[in-house]
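Peer 1: how does the following fold in three dimensions:
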Amino acid sequence: MKDTWSLDALYTGYDDPNFQQDKAQLEQLINDLNESVKQLSHEHEVSSITDILQKQEQLAVCSWKLGSYLSLRQSVDTSDAQTVALLGQLNQTASEGAKALAQMDAFIQDCADIDQVIQQSDFLKSYEYLLKETKRDGKYRLSDDVEEVITKLNISAGNAWSNLQEYLTSTLEVAYQDKKITLSEIRNLAYDSDAAVRKAAYEAELKAYDAIKQSVAFALNNIKSQVNTICDLRKFTTPLDMTLYYSRMERKTLDVMMDAITDALPLFHRYLKRKAELLGHQNGLPWYDLFAPLTSKTQTSKKYTIADAKAYLLNHFSPFAQDLADLIETAFDQEWIDFYPRKGKVGGAFCENLPFIKQSRVLTNYDGELGDIVTLAHELGHAYHGMMIEDHRILNTDYSMPVAETASTFNENIIMNAAIKEESDPLQKLLLIEKQLQDLTQIICDIYSRYSFEKAVFEKRRTSFLFADELCEMMLKAQKEAYGDALDPQYLHPFMWINKSHYYSSSLSFYNFPYAFGGLFARGLVARYEKEGAPFVDKYREMLKATTVSHVEDVAAMAGIDLQDRSFWEESLETCRQRIDEFLELSAQLLD
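Peer 2: I've put the predicted structure just below:
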């Protein structure tokens with residue numbers, strides 16, 4: 001079992017004849033598309049739309065395959081000059097089709113009766129949702145020329161600034177104990193059993209950011225400025241409204257969820273204050289102890305090898321769904337996963353779905369802790385989601401941002417709930433509960449802070465440039481709002497805006513609230529699974545499959561959930577309160 005992924009299912013290298021052939025084919029497909037849009041005719045709408053969509057399918061597969069290969073290679077070696085150059089070439093080539101795609105959208109939007117057109121063709125019926133949404137998007141569409149300019153300029157604007165942040169954070173060297181280590185490695189020390197190590201790592205991390213903070217601040221400022229400009233051009237009120245619209249989610253859903261979260265924050269503060277007390281802190285929990293083991297008394301030395309992680313996941317997911325267990329086994333055995341941190345590799349974790357080959361690739365920065373197994377479960381949840389939508393036509397395989405974290409967080413809940421339930425040792429049960437509360441606190445309190453921070457950045461960027469020091473102040477303010485007096489104000493994390501790549505996309509803003517949405521939505525789904533048992537699993541699969549061809553609220557309705565009913569969110573948060581109460585009771589029994 002290898003600890004790095006294989007990309008051979010895409011290409012064996014840049015000298016692979018298939019790679020060179022697809023590069024050439026991409027240019028030809030774009031040329032064909034550019035010629036085809038010239039033939040669009042409202043007298044022959046069915047054949048016109050069919051022809052263009054079929055060409056878009058071919059183009060999507062080719063560009064997706066090339067783009068995935070390049071971006072995956074870059075994610076594990078951000079300093080590879082050849083990959084960076086090829087990505088630039090690919091983006092430039094792909095942008096040559098932007099005007100044609102905009103013209104296609106305009107043609108659909110100009111159809112007098114798109115419903116009548118769709119009903120004349122089984123092929124078009126398979127794209128009913130896509131066509132109707134394209135028609136609906138017409139009110140925010142700009143001219144063909146402007147749409148083309150936005151796409152082309154983004155290569156040297158938003159995408160370039162995003163690449164800068166990724167490069168700087170992945171190559172940053174952190175001075176620690178007379179050696180240089182990566183940012184991912186220093187952040188992993190937050191889980192160390194030695195309090196002195198955790199604090200020293202935290203201090204070393206913050207110090208290291210000085211070398212890149214102003215450069216990354218420029219990246220953030222220019223990305224957010226670009227989004228503000230596009231928001232204004234499209235006549236959206238705010239970037240958040242634009243994000244929600246293209247996420248196919250209603251503002252009321254977000255507001256109801258965030259209101260419920262705001263009222264529930266004190267629940268999580270209770271947990272954090274108790275953890276601070278157990279670790280001997282008098283002024284709230286310092287940031288560097290958010291992920292600390294409770295005490296040396298409860299610390300175990302257990303580390304999990306990759307083989308251990310595989311066995312753990314299979315043991316806990318097989319009872320839920322065999323197809324999920326089979327997917328996990330395939331991912332480990334067929335080299336879908338790149339496990340360990342190394343210089344030049346990006347931090348964090350992600351899953352890249354590759355539906356055109358019915359596979360996925362997962363990147364982690366594995367350190368052998370239980371939390372790393374939970375991270376694997378999370379990312380493999382994305383892979384399972386990808387498997388559920390891989391039989392859609394290729395243009396129907398893009399699920400919206402809010403539901404993107406549903407299957408992943410559902411996996412987290414399944415594995416942690418099972419592990420807690422099975423544990424007979426009260427002390428080990430407490431450890432597992434505390435690990436789950438760490439993750440819950442991240443998707444509630446920390447996500448709340450990131451959401452508040454990003455809203456503030458968008459607002460302030462309209463009138464001023466935000467240098468690193470001001471961004472740090474804004475981040476501290478957001479953290480204090482989210483964590484209250486549960487954290488020590490002397491030991492927060494002012495540079496969280498640097499290492500979270502979610503802020504650095506010109507096409508995907510506010511990639512924070514989906515984690516809270518996914519976490520609470522998943523807890524609601526788990527509750528239904530526990531109530532309904534095996535019959536729920538088929539319903540769950542169908543719901544995941546529908547995420548690419550339905551609005552968020554309609555997806556939830558398939559599971560009998562009304563997302564605009566505050567009681568649903570309160571019920572999900574109630575399960576969090578129960579865990580916190582369990583933690584408080586057990587810790588009092590065992591540690592006082």
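Peer 1: list the buried ones in the helix or strand hosting residue 174?
Peer 2: If you go by DSSP states H and E, residue 174 is part of strand 173-176. Buried positions in strand 173-176, judged by neighbour count with 16 or more other C-beta atoms under 10 Å: 174, 176. Every residue, glycine included, has its C-beta placed from N, CA and C.
Peer 1: how about residue 306, what does it touch?
Peer 2: 1, 3, 332, 339, 366 (C-beta atoms under 8 Å, 6 or more residues apart in numbering).
Peer 1: ramachandran coordinates for it?
Peer 2: Here is the backbone geometry of residue 306 (degrees, to the nearest 10): phi -60, psi -40.
Peer 1: confidence score at it?
Peer 2: Model confidence at residue 306, given as pLDDT, is 96.
Peer 1: strands along the protein, start to end?
Peer 2: Applying DSSP state E to the chain gives strands spanning 173-176, 179-182, 337-338, 350-354, 359-363.
Peer 1: residue 516: which of those is closest?
Peer 2: Of all the strands of the chain, it is strand 350-354 that lies closest to residue 516, at 18.4 Å by C-beta to C-beta.
Peer 1: which other helices and strands does that closest one contact?
Peer 2: When contacts are defined as 3 or more C-beta pairs under 8 Å, 6 or more residues apart in numbering; DSSP states H and E, strand 350-354 sits against helix 45-76, strand 359-363, helix 370-389.
Peer 1: okay, these in JSON lines with mean pLDDT and distance to residue 499 next?
Peer 2: Formatted as JSON lines, the helices and strands packed on strand 350-354 follow (pLDDT from 0 to 100; distance: least, C-beta to C-beta, whole Å):
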{"stretch": "helix 45-76", "mean pLDDT": "97", "distance to residue 499": "15"}
{"stretch": "strand 359-363", "mean pLDDT": "98", "distance to residue 499": "15"}
{"stretch": "helix 370-389", "mean pLDDT": "95", "distance to residue 499": "16"}
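Peer 1: so can I have a markdown table of those showing mean neighbour count and distance to residue 411?
Peer 2: Formatted as a markdown table, those follow (neighbours: other C-beta atoms under 10 Å; distance: least, C-beta to C-beta, whole Å):
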| stretch | mean neighbour count | distance to residue 411 |
| --- | --- | --- |
| helix 45-76 | 19 | 22 |
| strand 359-363 | 23 | 12 |
| helix 370-389 | 23 | 3 |
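Peer 1: next, format those as a markdown table and append distance to residue 438.
Peer 2: Formatted as a markdown table, those follow (distance: least, C-beta to C-beta, whole Å):
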| stretch | distance to residue 438 |
| --- | --- |
| helix 45-76 | 26 |
| strand 359-363 | 21 |
| helix 370-389 | 8 |
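Peer 1: quick one: residue 34 from residue 111, how far?
Peer 2: Distance of residue 34 to residue 111, computed by C-beta to C-beta, to the nearest Å: 21 Å.
Peer 1: more neighbours: these two, which one.
Peer 2: Comparing residue 34 with residue 111 by other C-beta atoms under 10 Å, the one with more neighbours is residue 111, at 19 against 16.
Peer 1: and that one, what pLDDT?
Peer 2: Taking residue 111 on its own, its pLDDT is 95.
Peer 1: same check, this time on residue 419
Peer 2: pLDDT recorded at residue 419 is 84.
Peer 1: could you do residue 527 as well?
Peer 2: So residue 527 comes in at 89 (pLDDT).
Peer 1: give me every residue that touches it.
Peer 2: Counted by C-beta under 8 Å, 6+ apart, residue 527 has contacts 571, 572, 575.
Peer 1: return the residues in contact with residue 496.
Peer 2: Residue 496 neighbours (C-beta under 8 Å, 6+ apart): 449, 450, 453, 475, 479.
Peer 1: export the residues you listed to a markdown table and tack on distance to residue 306 and pLDDT?
Peer 2: Converted to a markdown table, the contacts of residue 496 look like this (distance: C-beta to C-beta, whole Å; pLDDT from 0 to 100):
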| residue | distance to residue 306 | pLDDT |
| --- | --- | --- |
| 449 | 33 | 98 |
| 450 | 31 | 98 |
| 453 | 35 | 98 |
| 475 | 35 | 98 |
| 479 | 34 | 98 |
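Peer 1: thinking again about what came up before, among the contacts of residue 527, which one is most surrounded by other residues?
Peer 2: Result: residue 572 is most packed of those (other C-beta under 10 Å), 23 neighbours.
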